[in-house]
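Enquirer: Show me the folded form of this:
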Amino acid sequence: GGRPCSPRDGGVVATGGGAGGVGRSEHIGAIAVGARADLVAVRRPSDPGPDPIDDLVRGATREDVTDVWSAGSRVVAGGRHRAADEVHAARERVHHDLARTADERARVRRTIAELEPEVERIRLARSSPPRPQDRG
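Expert: Alright, predicted model coming up:
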């Protein structure tokens, strides 16, 4: 038996330790010039304990995430995804297009319903035998 893993040990294993375990510690797992990084900034609790890593591992929630960098690009700032406005605008465009498409389908259905009596009259005329006066 060994000792239990502390939150701090878990943090090391999850970052540099994990990178070293897969033979990639020269490229990932550290905050260093030239290293690829995905970073998360987390708000500390209002009543922090003595160990910030312990606070992070044991008590942080998604609401505590303030900023995120992925491959060096900031994607969350102040708790808001930087593409949130673009995603919202795209969602609105899709809803608008779907509504327009639904309107167009309804218009086509109305037109078909209006034409059905005429189509039925033509179908019946073609399927009935010619009348004597129509035979030339």
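Enquirer: Please count neighbours and contacts with C-alpha atoms only from this point.
Expert: Fine.
Enquirer: averaged over its residues, what pLDDT does the helix or strand hosting residue 105 have?
Expert: Secondary structure assignment for residue 105, by DSSP states H and E: helix 84-127. The average of the pLDDT scores along helix 84-127 is 88.
Enquirer: and what of stretch 41-58?
Expert: Averaged over stretch 41-58, pLDDT sits at 83.
Enquirer: how far is that stretch from where the chain is centred?
Expert: Relative to its chain's centre, stretch 41-58 lies at 29 Å (CA atoms, centre = their mean, to the nearest Å).
Enquirer: Name the surrounding residues that touch that stretch.
Expert: 6-8, 11, 60, 64-68 (CA atoms under 8 Å, 6 or more residues apart in numbering).
Enquirer: what about it, start to end distance?
Expert: End-to-end span of stretch 41-58 (CA to CA, to the nearest Å): 16 Å.
Enquirer: can you start the count at 35 instead of 1 from here on
Expert: Noted, 35 is the first residue going forward, which turns the last one into stretch 75-92.
Enquirer: Could I get the contacting residues of the residue nearest the centre of the chain?
Expert: Taking CA atoms, centre = their mean, the centroid of the chain lies closest to residue 121, which sits 8.5 Å from it. By CA under 8 Å, 6+ apart, residue 121 lies in contact with nothing.
Enquirer: If I look at residue 165, what pLDDT would I see?
Expert: pLDDT at residue 165 comes out at 67.
Enquirer: Could you pull up the contacting residues of residue 120?
Expert: No contacts exist for residue 120 under CA under 8 Å, 6+ apart.
Enquirer: how close does it get to residue 134?
Expert: Computed with CA to CA, the distance linking residue 120 and residue 134 is 21 Å.
Enquirer: Which elements pack onto the host helix or strand of residue 103?
Expert: Assigned by DSSP H and E, residue 103 belongs to strand 99-104. Applying 3 or more CA pairs under 8 Å, 6 or more residues apart in numbering; DSSP states H and E, we find strand 99-104 packed against strand 72-76, strand 107-111.
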